[in-house]
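Student: Sequence and predicted structure, then a few things I'm wondering about:
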Amino acid sequence: MRGTLLNTATVTVGGLAGLALSSYVPANYEQVALTGLGLVVVGLGIKMFLETKNILIIAASVALGGIIGLALGLSAGLDAFAEWARHSLGGGGHFNEAIITTSILFCVGPMTLLGCMQDGIEGKIELLAIKSTLDGIAAFFFAATLGAGVLVTAIVLLVVQTLLTLLAKRLQNFAKDEELIAEASAAGGTMMMAIGLGLLEIKKIATPNYLPALVLAPLFVLIGRRMTLRKAAAI
């Protein structure tokens, strides 16, 4: 849990520092910074996406995951949570966007899973310490441009990473399988790109609806392996 507590603290501190600075930054400077962040997030998404070994798995995972997410109302649910938090805390116009954007950015990715596995199984926090530094810097810039919603993300991150840390022993076989991690990461990369497109004001995408793809991508890999073994056994 030490790694998750550290990560939560860095996001909180980074967010508070960004908020303190935001009142001194002109609106046009904020827009330039936000566009820059959008470009970086798109680049990160492309990097993660290129980890895939089978593009068909990602295509199927994202398409089916989006349908499942829409049916479950994931985006609508997160929007409702963000709106409730905005009314409760008196957030500004970008409050909801800050929560949704940074929640996915900070919680989706291989470092989140692998870091929590390391923390939960070995009691080491090296990976989460690196992630904490990166998230803290990102929280600073997102809070400066999007506002206080980033502080709510610190709570979301605390909940998600605590659950992953507690489930570490059950998920350790998954975390050791490089192919499963690669496909899950590639699926996450599509969501990063979707967030980046939103920040660049190119297209607003209901990104949370695609979260089931993170589960479907490794599941399809396992199904493919089983089918291969059956064919081999039948020969």
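Tutor: Here it is on my side, so go on.
Student: Tell me how many other residues surround Ile67.
Tutor: Neighbours of Ile67 under the rule other C-beta atoms under 10 Å: 13. Heads up, the C-betas are built off the backbone N, CA and C, glycines and all.
Student: Tell me the confidence at it?
Tutor: Looking at Ile67, its pLDDT stands at 96.
Student: Ile58 now?
Tutor: 94.
Student: So for Gly92, what's the pLDDT?
Tutor: 66.
Student: can you start the count at 16 instead of 1 from here on
Tutor: Sure, I'll start numbering at 16, so the last one becomes Gly107.
Student: who's in contact with Gln187?
Tutor: Counting by C-beta atoms under 8 Å, 6 or more residues apart in numbering, Gln187 touches 132, 136.
Student: rerun that using 10 Å as the cut-off
Tutor: 132-133, 135-136 (C-beta atoms under 10 Å, 6 or more residues apart in numbering).
Student: ok, then the element right after whichever strand or helix holds it?
Tutor: Assigned by DSSP states H and E, Gln187 belongs to helix 183-191. Later in the chain than helix 183-191, the nearest helix or strand by DSSP H and E is helix 193-214.
Student: sorry, back to before: let's see if you can find the most crowded of the contacts of Gln187.
Tutor: Neighbour counts for the contacts of Gln187, by other C-beta under 10 Å, peak at Gly135, which reaches 24 neighbours.
Student: pLDDT below threshold where in this structure?
Tutor: Applying pLDDT under 70 to the chain flags residues 105-108, 249-250.
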